[in-house]
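# quick check, what structure comes out for this input:
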Amino acid sequence: MRLTEWPRMPFLNDEVKEWIALELQGLGVDDLAVYALEAGVEGDERRVMVATEIGLLDHRYAPFGSSARYRLAMLMYPWQVLRGVELRADTFRLWAREHRTRWSFRLHHPHFEAATESPDLGQALCDLARVCAVMAEPFGVPAGRVSSEVPGAHPGGPRPIPAASETVPLGAIPPRREPTPAPANGDAPHDEDETEPISTDGSEPATAVAIGEDEEVIELSDEEREAIPSRSDDTP
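Okay, the predicted model is just below:
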């Protein structure tokens, strides 16, 4: 329902409609859905919610100083900050072949609640709820639960980090080892961990080199071993 289509009750006079239209013109947007509530102790105030492309406009139309002067105050909520869109419908039978539906609409932020059994106002609530549900950010709490039921959860925020007792230590997970393919000659595969030495000081591990056919092992005497120069950092 648009601003120009609003029914007589709750009453919106021409002045408040004109002022809201001027706001929309200044913002360069159109009204997508509108809903108004009576507010104040004597019901002489109005709260008018206007959904636009850029956000939800929350209006307060109330006397300013005296009943002869009124003021329209507006606060815009961008769609990114809107939270908790709820729409409920309860349809019940009046008598044979006649029924009535009660519509209930609620916003968590900014806080707004409205309920009606009027078909026209019920359509207006549906229009407002449809725009809010499409444009607003997700609430951030699982369906069917409220934020108070999720420990450490904040509306729109990240989920809490699990306790330390629920996490698995990194060292408790063994590394994955790939199977060693069998050699082509049919010999049994060997385990690389049993043949390759592991260095404990962080240096590259030593690799054994096979002796060729034209090479032989030369045994050195103690005097020849002492004559071989060594590095200054070698331990005696």
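# in the chain, which spans are strands?
33-39, 45-51, 55-64, 66-78, 83-95, 98-109, 112-116 (DSSP state E).
# now the fifth one: buried residues?
Spelled out, that is strand 83-95. If you call a residue buried by 16 or more other CB atoms under 10 Å, then strand 83-95 has these buried ones: R83, G84, V85. Bear in mind the C-beta positions are built from the backbone N, C-alpha and C, glycine included.
# before we move on, back to that, mean pLDDT lowest for which of the strands of the chain?
Lowest mean pLDDT within the strands of the chain: strand 66-78, at a mean of 86.
# which helices and strands sit right next to the lengthiest helix in the chain?
Counting residues, the longest helix found in the chain (DSSP state H) is helix 119-135. Packing partners of helix 119-135 (3 or more CB pairs under 8 Å, 6 or more residues apart in numbering; DSSP states H and E): strand 33-39, strand 45-51, strand 83-95, strand 98-109, strand 112-116.
# name the strands paired with the third one and say parallel or antiparallel.
Applying DSSP bridges to the sheet, strand 83-95 is found paired with strand 98-109 (antiparallel).
# next one: the first one
Counting by DSSP bridges, the strands paired with strand 33-39 are strand 45-51 (antiparallel).
# could you do the shortest one as well?
Based on DSSP bridges, the strands next to strand 112-116 in the sheet, each with its direction, are strand 98-109 (antiparallel).
# before we move on, back to that, now the buried residues of strand 83-95 in a markdown table, with distance to W19?
Output for those, formatted as a markdown table (distance: CB to CB, whole Å):
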| residue | distance to W19 |
| --- | --- |
| R83 | 28 |
| G84 | 29 |
| V85 | 27 |
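# pick the one among these closest to A21.
Comparing the buried residues of strand 83-95 against A21 with CB to CB places V85 closest, at 25.8 Å.
# what are the bridge partners for the closest one, then?
L107.
# check the gap between it and G122 for me.
Taking CB to CB, to the nearest Å as the measure, V85 falls 16 Å from G122.
# show me what contacts Q80?
E137 (CB atoms under 8 Å, 6 or more residues apart in numbering).
# over to V48?
With CB under 8 Å, 6+ apart, V48 has these contacts: L12, V16, I20, V34, Y35, A36, L37, H59, Y61.
# the fifth one against G122, yeah?
When you say that, I think you mean Y35. No. Judged on CB atoms under 8 Å, Y35 makes no contact with G122 at a distance of 10.6 Å.
# the two: which has the busier surroundings?
Y35 (22 against 19; other CB atoms under 10 Å).
# beta partners for that one?
So, taking DSSP bridges as the rule, Y35 has M49 as bridge partners.
# distance of it relative to P138?
With CB to CB as the criterion, Y35 and P138 are 22 Å apart.
# low-confidence ranges, the chain, go.
8-9, 66-68, 139-217, 229-236 (pLDDT under 70).
# M76: which of the helices and strands packed on helix 119-135 is closest?
Minimum separation from M76 across these (CB to CB) falls at strand 45-51, 9.5 Å.
# can you check what angle separates that closest one from strand 66-78?
Strand 45-51 runs at 20 degrees relative to strand 66-78, counting by axes from the mean of the first three to the mean of the last three CA atoms, to 10 degrees.
# ok, the residue lying closest to C132 once chain neighbours are set aside - contacts?
With CB to CB, 6 or more residues apart in numbering as the criterion, C132 has its nearest non-adjacent residue at 4.6 Å, and that residue is V85. Shown in contact with V85 (CB under 8 Å, 6+ apart): L107, H108, A129, C132, A133, A136, F139.
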